[in-house]
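Asker: have a look at this fold, sequence not included:
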């Protein structure tokens, strides 16, 4: 039966309904429309709609499960116990002990979003970090994730610098699902508040080409990540409202990282 709007309109309506009723890998059904359209942000957070009415069955065969609450637990005789973390006696594991890490007014060698990854291909921990306050991006490696080596590289000979542009927050993503070798590493960084975010690709995480995409002006604490379950890049964009919420976030998603970075001003949703 075509319905009163005709066969074409009915097919379009069916497609819209199907998209809106998308069920995720864990049984959670996305609300329609997705992402939600919000005109104004409330001053108080509201719980996700799936918490009061969870799926009848929640698959847990997709990998490790983190029991931060009782969402996955129907019944149990166990008792939750919280333990205080113990600081590593050798902290900090990274120190600004190189000349290029002491520029910019404050000696700095810190992960400011950036990225710390285990590379299964090279069986090595890899770290990208801010070196010198907002000055540049450096690279370090480790066998155990605790003891770090700053290799001498050829980008700026005799240093571990891998990107010399001034930056604020940044994200380096080791894309284990990328099929094109020269795009295995992705680097999105803020060039300053209310300035574009710049996206770069690299085959080794050390040699970065020219930017492949620039966003419109965005806040300096903006990041992105790969949602491996939905196969989408998710951009978290910092914004600011001087006479309202103050700092807040905008949300944007795309199947391709480069296309996702080319959003129009104001397009990412509250």
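Answerer: Happy to help now that I have it. Computed from a predicted structure; not experimentally measured.

Asker: in a strand, residue 236, correct?
Answerer: Yes: counting by DSSP: H, G, I helix; E, B strand; the rest coil, residue 236 is found in a strand.

Asker: oh, and call the first residue 42 from now on, that's how I've got it
Answerer: Shifting the count to begin at 42 puts that one at residue 277.

Asker: that one reaches residue 290, doesn't it?
Answerer: Yes: Residue 277 is within contact range of residue 290, at 5.6 Å (criterion: CB atoms under 8 Å). No exception for glycine: its C-beta is placed from N, CA and C like everyone else's.

Asker: in stretch 239-249, which residues are buried?
Answerer: 239, 240, 241, 242, 243, 246, 247, 249 (16 or more other CB atoms under 10 Å).

Asker: need the helices for the stretch 192-311 of the chain, in chain order.
Answerer: Ranges of helices within the stretch 192-311 of the chain are 298-301, based on DSSP state H, counting those that start in this stretch.

Asker: residue contacts, the spatially closest residue to residue 157 that is not a sequence neighbour?
Answerer: Nearest residue to residue 157, sequence neighbours excluded (CB to CB, 6 or more residues apart in numbering): residue 168, at 4.7 Å. Applying CB atoms under 8 Å, 6 or more residues apart in numbering, we find residue 168 in contact with 135, 152, 155, 156, 157, 158, 180, 181, 182, 183, 189.

Asker: secondary structure class of the fourth one, three-state.
Answerer: In terms of secondary structure, residue 156 is strand; the call rests on three-state DSSP.

Asker: ok, now which ones touch it?
Answerer: Contacts for residue 156 were tallied using CB under 8 Å, 6+ apart; they are 167, 168, 169, 212, 213, 214, 215.

Asker: give me that answer again for 6 Å
Answerer: Residue 156 makes contacts with 169, 213, as judged by CB atoms under 6 Å, 6 or more residues apart in numbering.

Asker: got a pLDDT number for it?
Answerer: Looking at residue 156, its pLDDT is 96.

Asker: quick check: bridge partners of it?
Answerer: Beta-bridge partners of residue 156, counted by DSSP bridges, are residue 169.

Asker: so how far is residue 209 from it?
Answerer: Using CB to CB, to the nearest Å, we find residue 156 at a distance of 15 Å from residue 209.

Asker: then the first one?
Answerer: Distance check for residue 135 against residue 209: by CB to CB, it reads 19 Å.

Asker: ok, now the fifth one?
Answerer: In this view, residue 157 and residue 209 are 18 Å apart by CB to CB.
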